[in-house]
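Q: Take a look and give me a structure for this.
(one chain, ligands or ions: 1)
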Amino acid sequence: MDVEIDALVIGAGFAGLYQLHSLRDRLGLSTRVLEAGGDLGGTWYWNRYPGARCDSESHAYRYFFSRELNEEWEWSERYPGPPEILRYLGRVAEKFDLRRDIRFGCRVVSARYDETANRWLVQTDVGERYAATYLVAAVGCLSSANIPDIPGLGEFGGRWFHTGKWPHEGVDLAGQRVGQIGTGSTGIQAAPVIAQTAAHLTVFQRTPTYSVPARNAPLTPEFKRWVRENHAEIRAIACSTPNGHAFRIADRNVADVTPDERQAIYEAAWARGGLQFRATFRDLMTDQAANDTAAEFLKARIRAIVRDPKTAAALADIDHPYATKRPPIDTDYYETFNRGNVTLVDLRADPIERITPRGIRTRSAEHALDIIVFATGFDAMTGPLLAIDIRGRDGRALREEWRAGPQTYLGLQAPGFPNFFTITGPGSPSVLTNMPVAIEQHVEWITDCIGYLRQHGIDSIEPDPEAVQRWGEHVNEAANATLLSKAKHSWYYGANVPGKPRVFMPYAGGLARYRRICEDVAAKGYDGFWLHRRGEREIPRARGGTAGEFAVARGPGV
Ligand code: NAP
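A: Below you'll find the model as predicted:
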């Protein structure tokens, strides 16, 4: 028997929790959340690898919708770690009584749109079936682990783990020879912590990247008070910046200052630490010459920190402009290579040939290992959605529709999939932002949209394929207006997963601009969407309005 409900939400992370609260408590819809994990938390439930910590500063890494929640919650550190974030989300669930509508430990395997009934029929891996009018995917952008197909893994005599599925009971690394593959944001966080306990750590680096110190620290009582008293202002900044962080991008170009001033600005940003390094000049992401100055500064730092010249050269031999791949922040990453128990293997010079029963064999040597840590990232953005067999109108499969890359309008809906919404889906700012801020905007837009449908007796909404095409063009245009398009070998392009189409997936026009576009679309009666009443043909919307105006919003947003 199907469980009949109004709305079904997949995933109980930041997005799913707020979507449940909004649909159930604001709109009064019967709503259920299905979550594959054993508890809430999404990315923070799964990513418990050594050194895991949020890269967004805690005072902006939160929901802003509830003043009361903000007043009662206090973060303890500049960057919260998984236990504290899980406590925060637990508090949110308790405060808004969310758990009673969340089903844990059940993975959605398929969702099929029944056109006659205007219902989504959803099946889980534990044999339950749900029928819902609205289906919201809150599955996260980085939740589908990418484990590279390296020959021999099955023969490995030791243990191996992917950072995104780290055992909750932890892994005892004491006395172990650990090999870590991957040096993205995760690997850069993990290596220093692994090195502190392991007998030996071998870091297998394919592409080096730039990292800036995080400078994590406990928050002072003064700062905590400032946060408590300035919520509205923090929110206002986070909502007005391109990336949803609570810091503004400096209103100057690199060429506006002298080389000495520029050096002092970079020194200060390095000393302050964090993603704010990107905000030192407004043209870092649009002007190659400007970006080169930041890149050179950071490469010089690596060479100054790492004592072994060969290792320093391999770490600093970075082939893409600064921040065109997601910039990591770290705690003692480069210093870790000065330890006696850490070795760097430069895979560009000495590629992995296979995994053997004893360890990893590269072209020049076999590295004996007890544990392999795959810090190899995710099948980002589309992976978690396409892991579910989603079928829309006429049985069309999302996997087929997106074979050449994701097709969405605003990253919120795909054509032919009525009443199916994606939170921070491909084509939205999502991973280029401080996620909770982007999530809140999407949840509120989706909730308003569903409220509008119900108020106006409209049964379903789906995007006009023409608007989808124009939005896709605009997403490309926004990426091409920045240097992001110069790092084709990034997961933003899907380049980390063999066979995945090379399409720039997130929207680089900036969250503030994107928010305005979404508001404008809604204000124009959901311009670019088709709204249907059952038994009627579509209600024609004013076509071309907003969709045609995207081009006006030209220029860099990141
Ligand atoms: P990632 O950025 O995709 O990095 C994966 C690493 O594994 C890269 O160095 C990659 O090298 C390497 N790799 C992949 N396949 C390989 C292979 N077959 N052989 C050798 N090396 C291989 O993944 P991530 O570090 O997990 O980060 C993903 C995203 O998650 C981040 O960009 C960020 O958005 C988010 N994240 C956030 C936080 C935070 O806020 N605290 C922390 C961690 C992650 P190539 O570059 O050559 O492909």
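
Q: which residues sit in contact with Gly274?
A: Shown in contact with Gly274 (Cβ atoms under 8 Å, 6 or more residues apart in numbering): Asp55, Glu57, Arg78, Tyr79, Val212, Ala214, Arg215, Ile329. C-betas here are computed from N, CA, C, even on glycine.

Q: So for stretch 204-214, mean pLDDT?
A: For stretch 204-214, the mean pLDDT works out to 97.

Q: how long is it from one end to the other?
A: 22 Å (Cα to Cα, to the nearest Å).

Q: close to the ligand, is it?
A: Yes - against the ligand, stretch 204-214 shows contacts by Cβ under 6 Å from any ligand atom at Phe204, Arg206, Thr207.

Q: Contact residues of the stretch 351-500 of the chain facing the ligand?
A: Residues of the stretch 351-500 of the chain lying near the ligand by Cβ under 6 Å from any ligand atom: Ala375, Thr376, Gly377, Phe378, Val431, Trp491, Asn496.

Q: Can I take it that the fifth one is in a helix?
A: Yes - assessed by DSSP: H, G, I helix; E, B strand; the rest coil, Val431 belongs to a helix.

Q: Is it in contact with Met381, as I believe?
A: Yes - if you go by Cβ atoms under 8 Å, Val431 and Met381 touch, sitting 6.9 Å apart.

Q: Would you mind listing the residues touching both of the two?
A: Residues touching both Val431 and Met381 (Cβ under 8 Å, 6+ apart) are Cys141, Leu142, Met505, Pro506.

Q: Cross-check the residues you listed against the ligand and keep the overlap.
A: The residues of the shared contacts of Val431 and Met381 that also fall near the ligand, by Cβ under 6 Å from any ligand atom, are Leu142.

Q: Tell me which residue in the stretch 151-300 of the chain sits closest to the ligand.
A: Using Cβ to the nearest ligand atom, the single residue of the stretch 151-300 of the chain nearest to the ligand is Gly184, 2.3 Å away.

Q: Once you drop chain neighbours, what's closest to the residue of the stretch 301-450 of the chain found nearest the ligand?
A: Closest contact between the stretch 301-450 of the chain and the ligand, by Cβ to the nearest ligand atom, is at Gly377 (2.5 Å). In space, and not counting its chain neighbours, Gly377 is closest to Asn146: 4.9 Å by Cβ to Cβ, 6 or more residues apart in numbering.

Q: Just the local confidence number for the one you found, please.
A: On the pLDDT scale, Asn146 gets 97.

Q: and if you look at Gly548?
A: Looking at Gly548, its pLDDT stands at 40.

Q: now Arg534
A: pLDDT, Arg534: 80.

Q: same check, this time on Arg554
A: Note on Arg554: pLDDT of 43.

Q: Do you have the strands of the stretch 251-400 of the chain handy? List them.
A: Per DSSP state E, counting those that start in this stretch, the stretch 251-400 of the chain carries strands over the ranges 329-330, 342-346, 352-355, 359-362, 366-368, 371-374, 389-391.

Q: Pipe the ones you listed into a markdown table and attach mean neighbour count per row.
A: Shown next, in a markdown table, are these (neighbours: other Cβ atoms under 10 Å):
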| stretch | mean neighbour count |
| --- | --- |
| strand 329-330 | 24 |
| strand 342-346 | 20 |
| strand 352-355 | 18 |
| strand 359-362 | 20 |
| strand 366-368 | 15 |
| strand 371-374 | 24 |
| strand 389-391 | 21 |
